Every structure is written in C-alpha cells, then in structure tokens.
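A.B. asks: Quick one: sequence and predicted model below, then my questions.
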Amino acid sequence: MALMPVKFDLAKRVKLAQGLWLFFWLCVMAGILIFSMGIFFKIELRKRSEIMDNNESHFVPNVLILMGLAACGINAFGGKVCHDSLDSAKFMKWKPMLKTYMSGCVVFCIALFVTALVCFLMQISLHFTLAEGLKNGMKYYKDTDTPGRCFMKRTLDMTQIEFRCCGNNNYKDWFEIQWISNRYLDFSNEDVKVRVQSNVDGKYLMESVPFSCCNPGSPRPCIQHHITNNSAHYSYDHHTEDLNIWGRGCREALVSYYGGMMNSIGAFVLLFIILEALVTVGLQYLSTALESMADPENPESESEGWLLEKSVKETISGVMAKIKTLGKGNQVQEGDERAPEES
Amino acid sequence: MALMKVKFDLKKRVKLAQMLWLLYWISVMAGVLVFSMGLFFKIELRKRSELMDNNESHFVPNLLIGVGLLACGLNAFGGKICYDSLDSTKFAKWKSILKPFLICCLFFNVLLVLTAFMCFTMRIPLQFTLAEGLKNGMKYYKDSDTPGRCYMKRTLDLMQMEFRCCGNNNYKDWFEIQWVSNRYLDFSSKEVKDRFSSNVDGKYLMDGVPFSCCNPSSPRPCIQQQITNNTAHYSYDHHTEELNIWKRGCRDALVSYYGGMMNTIGILVLLVTALEVAVMIGLQYVNTSLSTLVNPEDPESESEGWILEKTVKETITDIMAKMKGMGKGNQVEEGAQEGGVATVS
C-alpha cells in the first residue's frame, strides 16, 4: 500500500519534469544567496573584530558558506537529472544513483534545519563576546600611542557614531575609566593632581564622555563635560535632558544589529528548507513514475508515482530490519572467521 | 559612390540581424541604467536640498530620466525591427518607417552627447548653489526652535560627520557666526555679557566649533573650544595640530562628491552614445542590404549594404537643395495665393 500514489501519463510526467527543473534552478539561486549571506556575515564580524574578544567564533558564517555551496551542487545535479529524465536513454545512467541521492537530500534538509537553529542561538554567545570586547576597548581608548591598540580610539568613536550608542551598558561606563591619555594631562596643575590622588588606582576620572557620544538631534550644542553637574551649565537638568548624548549602550546596539541580521538569515534558511523538501518530494514522484511504467518500451504508457513504496510504519520497520541484518551479518562474519582459527 | 559598401549573402545578413538584436537589448539595459542613474542623482540632490539655496536646478537629473526612457523605447523598437528583418513578410510593414526611424536615432544620439556635456558642466552652478546654501545653513544652525529650520542643526552635523568636513571654506567660518542659541546662554554671567558687548552686531562669537567637526582619528580627545588659544590646553599648538578637527571645508567636500558622481554619469552616457551609434549604423546596413536584393523573390540572393547612398559631400548638398526646394515651394504657394487674392479684390 503505497503512500500518496498519483497516476501519471506522458503529458503529466513531462510537466512534472519541467516544473521540477525550474524549481531546482531556483534552489541553486537560493543556494548562491545563502553563500553570499554567509560571506557578508563573515565580513561584518571581521569588520568589528577589534571590539570582540579574541574568541569570537566564525562557526555560523562558515557553516552558511558550506551549506550554500552544498545546496548549489546538490540542486544543480538534481536539475541535470530532471533534464535527462525526459529521455529514457539518458535517464538510464542516473537510475542507480537516485535512491542514494534522495537520502542525501533528506540528510541535507536536516543539516539546514540545524544551521537555522544555530543562527538563532548564536545571539547568546555574541552577547558575552561583545560585553567583554567593548569593556576592553574602552580601557584601551586612550592608548593611541601603543602599537597594536593605536586604532582602538578611532574604532570606538566610529562605532558609537554609526550605531548611535555610548559606552558598554550606558554612558556612565565612561565615568569609570580614564579615557584621556596621561600625555595630555598637565601634572603641574592642581586640579589634575587632586583628581589623580583622590582615586585609589591613581586614574584620572571625570564625569565626561568622548565627542562621539553626542547626539546630532539635540537642539542645544553638545554637553560632554560635567554631565551630572546641573549647575555647570545654564538651564540644564541631566535627568530630563535625554537628547544630549546617546542613551543606549553599544553592547545592546550591536547585539540588536547582529541579532536582526541572524534572524533574517535564519528565517531565509527555514524557507529554503521548505523549497528543498518540495523538490525532493517532486523528484521522488518523478523517479517512481518513470520506474513503474506499464510498458517500458512505450514512452506514452501510463505509470504510477508514490512517496513511499509501503506505508510509513512498514518503511520504518523495513529500514530497522535492514540495519539489524547488517549488524547480524557482521557478527556472523566474525563468528566464521574465529571458527576456522580455532579449528 | 556609396559610403563604406559591404557585400552581403544570406548567412552574413542573418548574422548581422542576430548580432544587432542582441546589441539592441544591451542598449535597452543601458537605457534602464541611464534612467536609474538619473533617479539616483535626483534623490541625492533632494536629500541635501536643505543645504542648497532654493534655486537648485533639477534639470540634469530630469534630462537623464527622460533620455533613459527614450533610449529604452527606441531600442526596444529597433530590436523588434531586427527580429522581423529575417522574415521578409514581417519586414515589409516596417520598411516605410525605417528611414524616419534612423533619422530619429541620429537626433537622439546628438541629444545624448548634449546630455553628457551638461553632466560635465553642471559642476559650476552647483558650486555657487552650495556656497550660498551652506552659508545660510550655518546661520540657522542655532535656530533649532524655529519651525521650518529646526532640523538644520541635525542636517549640518550629520553632513559634517559623513563628509568629514567643517564649515563652508574651513573651520574658521564657525568663528564668525553665533552657533549657540541665546536660550542656552546665561545672560547674568559677566563673561557672556562681555562677549556680547564686544561684538558690533551683538552676537555671541567664540573660537569654538560644533562637535561634528571632530576627527575620530585624532590621538587626543577632541579640542572644540578655544581652538586658537594654545595656552588653554596642555601641550597643544593649533598650527601643528593637524588631526584634531576636519580641515576641509564642506563646500569642497560636497562639490567633489557631486562632481565625481556627475563625471561618472557623463562618461557612462558617452559610452551609451557610442553603443547607440554602433546600432544605428548596423540598422542602416540591415536596411540597405535588404532593400538591394538582386532577386527580391529569392532570400538567398546577394545584396549590398552601405552607410550613405552617396558620399558625405553629395548627401549634404542634396539635403540643402531639398530644404531650398521646400522653401521655394512655400514661396510659390504664397505667391499663387496672393495672386488669387489680388485678382479677387
């Protein structure tokens, strides 16, 4: 009792083959798209690798690139098979490979599902990576004369300008680190000496933020220094002034940026899985329809196509039995080998 | 004595027609490209219309859009003619239109050359437009509470950050205008009152620039206030400090941005012109080779194709004679009418 049998005549078979060929080429385009999304994601991670700690994992973009290439290859092969299926002579050479190919397709669909899952879950590890990286980045902001870190200031400034954020969690993070290099501090000045001495670690801390935290949408010129001191500025209350500097932290901004990107990629991969499943089902119908032709010599004969030769239960028990016999076969072989040795 | 005669047999004619059909479809794509470039240019001008005075002319992008659409239409039609030229029955209906179509193509190519020329020369009025617009923009920087100008500050800040520039000609332009609104100045402070009274127009001027002039690549935190005062900052000399704020003026930056865009578009239009001239010549060959079949009934007969039936000089004299003939014809008609009128009265 086959699963979902469908009757086919020549016209229907030809139509199925043509439609399937078109779908296979759509899948190839989708595979190219996944490949390019993987590359784009990899480039985006590389661009900001300075503000992530060194352990950032390029696993997800690499998997996407691999899946994209595999999708291209598998679907191009499937398209070739469909194209040849209309000519029985050409189809002969593909017949033995078809069953293996279709189990390969099923495995590929499962792999794609795992990829989509990993895309959605990567946000969590990225959260921690960015937290660590931004904290270090801010610490090295002032070290523009140290080789290897001299561009950290520029990177951080550009990040804050581009993503409209300030600090790690919020702007107060800048109050806790020294972001002005000692080279630009006049140590003969009383103010400077008092500030440095009043701090346990000897750091020059102040209630100021770098200029890149400034919000251009603010109606008044940017207030960077003495932010929490209301009396230092005319008509200013830092509790109500919310347009002066960016209120959002950069970790949140970057996570939502990368998170949005990964959600889109994951959603697209899920859609692609549906397409792949459709073409696999279509190819199964085409293959069974061509095998079960009533009169193999007459191309116009009727035939039947199905999804599975027996019902789902019977197929699964058949597969289990096959696996058991494979196992038993190995045991019998071992027994035979041992017996001659003993005798 | 025809200009650049070439002999054609059936195979050569078919090859020419096929190649020409392909070229025509490439020209349609080129037309779409010109159209989209015109659209892109229009959008870019619109985006920054606040920094240009109100007279900025959208003539060039509108011309590009029109030329792009015209190119698509003409080339699609030409492609259809080429496709039909292989079948003599279908080609018969197009035969009469071909000569006017080719003359249209000639005028279109002249229009394309003019468009390219306009692209290259638009830089000059743009320079004046931007100078005026930026000056006004900076004047209205502080008016973030005046309706109609409240976004000028944001526009100017974002532009200075994006184009890495400061002020109109350079950063000193900010020293000459009041860019801090009176709302944020404490008039009870002696310092503020001194500054006001020391200025002829009663403006609060200072040697400071907005934060958007700051250069992120500077090794030291940005010095925005008291820029020309070396003693106000430790270890600072404003003559040697190159990386602190952007040195370039925004007019220069914007003109070079738009100028680069227009140069690229102009070069592309010239390339499209070359393509159009090539397809026009190809169509003329197809037209003449199909008209001069030795044996009209036999499609396999030989034929000849040329660009002009006579030499260039003879063609020009012919055209002049034709125009004079038309002019004289009008005069004779008028004379006849006048004579008729005179006899009546």
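C.D. replies: Sure thing, it's come through.

A.B. asks: neighbours around the residue nearest to B:Gly167 when sequence neighbours are not counted, how many?
C.D. replies: Distances taken as C-beta to C-beta, 6 or more residues apart in numbering or on different chains place B:Asp173 nearest to B:Gly167, at 3.6 Å, with adjacent residues excluded. Quick note: C-beta positions are derived from backbone N, CA and C, even for glycine. When neighbours are counted by other C-beta atoms under 10 Å in any protein chain shown, B:Asp173 registers 19.

A.B. asks: same check, this time on B:Phe107
C.D. replies: B:Phe107 has 9 neighbouring residues, counting by other C-beta under 10 Å.

A.B. asks: With A:Gly329 instead?
C.D. replies: Neighbours around A:Gly329, by other C-beta under 10 Å: 10.

A.B. asks: tell me which element it is part of?
C.D. replies: Assignment of secondary structure by DSSP states H and E places A:Gly329 within helix A:312-342.

A.B. asks: Grab the nearest non-local neighbour of residue 250.
C.D. replies: Using chain A here. Per C-beta to C-beta, 6+ apart, closest to A:Cys250 is A:Cys165, 3.9 Å.

A.B. asks: that's the wrong chain, I wanted chain B
C.D. replies: Spatial nearest neighbour of B:Cys250, chain neighbours left out: B:Cys165 (4.0 Å); criterion: C-beta to C-beta, 6+ apart.

A.B. asks: Same check on B:Asn170?
C.D. replies: Nearest residue to B:Asn170, sequence neighbours excluded (C-beta to C-beta, 6+ apart): B:Gly249, at 4.8 Å.

A.B. asks: ok, now which ones touch the one you found?
C.D. replies: Residues near B:Gly249 by C-beta atoms under 8 Å, 6 or more residues apart in numbering or on different chains: B:165-170, B:173.

A.B. asks: Look through chain B and tell me its longest helix.
C.D. replies: Longest helix of chain B, by residue count under DSSP state H: helix B:250-291.

A.B. asks: For B:Ala321, see how far away A:Pro219 is.
C.D. replies: 74 Å (C-beta to C-beta, to the nearest Å).

A.B. asks: Also A:Gly247?
C.D. replies: Counting by C-beta to C-beta, the gap from A:Gly247 to B:Ala321 is 81 Å.

A.B. asks: cool, B:Val312 as well?
C.D. replies: As it turns out, when the distance is counted by C-beta to C-beta, B:Val312 lies 15 Å from B:Ala321.

A.B. asks: Ok, B:Asp237 next?
C.D. replies: For B:Asp237, the distance to B:Ala321 - C-beta to C-beta - is 79 Å.

A.B. asks: now B:Leu156
C.D. replies: 63 Å.

A.B. asks: who's more crowded, these two?
C.D. replies: Set B:Leu156 next to B:Ala321 and count neighbours by other C-beta under 10 Å: B:Leu156 wins out with 23 against 10.

A.B. asks: so the more buried one sits right up against B:Gly137, yeah?
C.D. replies: Yes - contact status for B:Leu156 versus B:Gly137: in contact at 5.4 Å, counting by C-beta atoms under 8 Å.

A.B. asks: any residues in contact with both of the two?
C.D. replies: Residues touching both B:Leu156 and B:Gly137 by C-beta under 8 Å, 6+ apart: B:Leu51.

A.B. asks: domain parsing for chain A?
C.D. replies: According to automatic domain parsing, chain A comprises the domains A:6-137+A:252-326, A:171-247.

A.B. asks: Just send those back as TSV, with mean neighbour count and distance to B:Gly68 too.
C.D. replies: TSV is the format used below for those (neighbours: other C-beta atoms under 10 Å in any protein chain shown; distance: least, C-beta to C-beta, whole Å):
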stretch	mean neighbour count	distance to B:Gly68
domain A:6-137+A:252-326	16	28
domain A:171-247	16	36
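
A.B. asks: who wins for proximity to B:Arg46 among these?
C.D. replies: Proximity to B:Arg46 (C-beta to C-beta) singles out domain A:171-247 among the domains of chain A, at 19.8 Å.

A.B. asks: what's the span of that closest one, first residue to last?
C.D. replies: 7 Å (C-alpha to C-alpha, to the nearest Å).

A.B. asks: is it anywhere near chain B?
C.D. replies: Yes - if you take C-beta under 8 Å from any C-beta of the partner chain as the test, domain A:171-247 does meet chain B, through A:179-181, A:183-186, A:189, A:210-212, A:214, A:216-222, A:224, A:233-235.

A.B. asks: pLDDT on that domain, on average?
C.D. replies: The pLDDT scores in domain A:171-247 average 91.

A.B. asks: Compute the distance between B:Ser189 and chain A, please.
C.D. replies: To chain A, B:Ser189 is 8 Å away according to C-beta to the nearest C-beta, to the nearest Å.

A.B. asks: actually B:Ser27, not the one I typed
C.D. replies: The gap separating B:Ser27 from chain A is 26 Å, by C-beta to the nearest C-beta.

A.B. asks: now swap in B:Pro221 and tell me
C.D. replies: Using C-beta to the nearest C-beta, one obtains 5 Å as the distance from B:Pro221 to chain A.
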